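Asker: Fold the following, please.
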Amino acid sequence: MRTLLAIAIGAALVLGYGYYHAATHGWLYVNLFDTSVKPYAGNIRDAEVRLLDGNGNLLAAAQSDQQYGVVRLIHPQAGDCSAAESNASASPAAREEWQKCFQTLSTWLIGWADRVRFADVKFADCDLKRVPVILRESGDDWWLWWVPLPHIGGKPLTYFNVSINIDGANCTAARRLS
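Answerer: Reported below is the predicted structural model:
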């Protein structure tokens, strides 16, 4: 009986930790699309993005890169972590630095990411205010985090996806992509 109780308590602790980690750690991906690029929307490069709540309060700043248009959050103290990310494969110390930066970002954004409703976007000669965003939230299978397989497991996160659609040719907010 004690063995069954110990197994039940152990399982509850393992599952509880997975749920806790998913509730306190997240990742935010920002899609910044120019819908005037045909036939498919293109990423907007070298843009400043400010993510806002429903009242227009600043939640976070971000920047899209010049090369691919990847939007990176800028943490108030840690920055955007791009240097740590690009060096992560160089050494164990560099990998640890990236993990530390990722930890900082993932625990910071979980407190506000679900409140993003608008974005201010500035690029080239275009400066748009309060562009509506499309926010999607999803979670990992937190109950499987402990499975020691390469394609399953790992500490679970809550994922947020923010899509911002801009008609770059006319410098206006665009309708949702189909």
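Asker: Doesn't Asn55 belong to a helix?
Answerer: No. Counting by DSSP: H, G, I helix; E, B strand; the rest coil, Asn55 is not found in a helix; it is coil.
Asker: Let me know the next secondary structure element after the helix or strand of the chain with the lowest mean pLDDT.
Answerer: For the chain, using mean pLDDT, DSSP states H and E, the weakest element among its helices and strands is helix 82-87, scoring a mean of 83. The helix or strand immediately downstream of helix 82-87 is helix 92-109, counting by DSSP states H and E.
Asker: now that next one, how far from the centre of its chain.
Answerer: 14 Å (C-alpha atoms, centre = their mean, to the nearest Å).
Asker: Also stretch 39-46?
Answerer: Distance, stretch centre to chain centre, for stretch 39-46: 19 Å (C-alpha atoms, centre = their mean).
Asker: Then stretch 73-85?
Answerer: Distance of stretch 73-85 from its chain centroid, counting by C-alpha atoms, centre = their mean, is 12 Å.
Asker: How far does it stretch from one end to the other?
Answerer: For stretch 73-85, the separation between the terminal residues is 13 Å (C-alpha to C-alpha, to the nearest Å).
Asker: now swap in stretch 137-155 and tell me
Answerer: Stretch 137-155 has an end-to-end distance of 17 Å (criterion: C-alpha to C-alpha).
Asker: And for stretch 35-42, what's in contact with it?
Answerer: 33-34, 69, 165-170, 174-175, 177 (C-beta atoms under 8 Å, 6 or more residues apart in numbering). (Glycine included, C-beta is placed from N, CA and C.)
Asker: which residue ranges form the strands in this protein?
Answerer: Along the chain, counting by DSSP state E, strands occupy 26-34, 42-43, 48-52, 58-64, 71-74, 118-123, 126-132, 134-139, 158-167, 172-173.
Asker: quick one: contacts for the most centrally placed residue in the chain?
Answerer: The geometric centre of the chain, computed from its C-alpha atoms, lies nearest to Leu28 (C-alpha atoms, centre = their mean), at 1.0 Å. Leu28 sits next to 73, 109, 113, 159-162 when contact means C-beta under 8 Å, 6+ apart.
Asker: and the residues you listed as CSV, adding pLDDT and distance to His21?
Answerer: Below are these laid out as CSV (pLDDT from 0 to 100; distance: C-beta to C-beta, whole Å):
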residue, pLDDT, distance to His21
Leu73, 94, 20
Leu109, 95, 14
Ala113, 96, 16
Tyr159, 93, 13
Phe160, 96, 16
Asn161, 96, 20
Val162, 96, 22
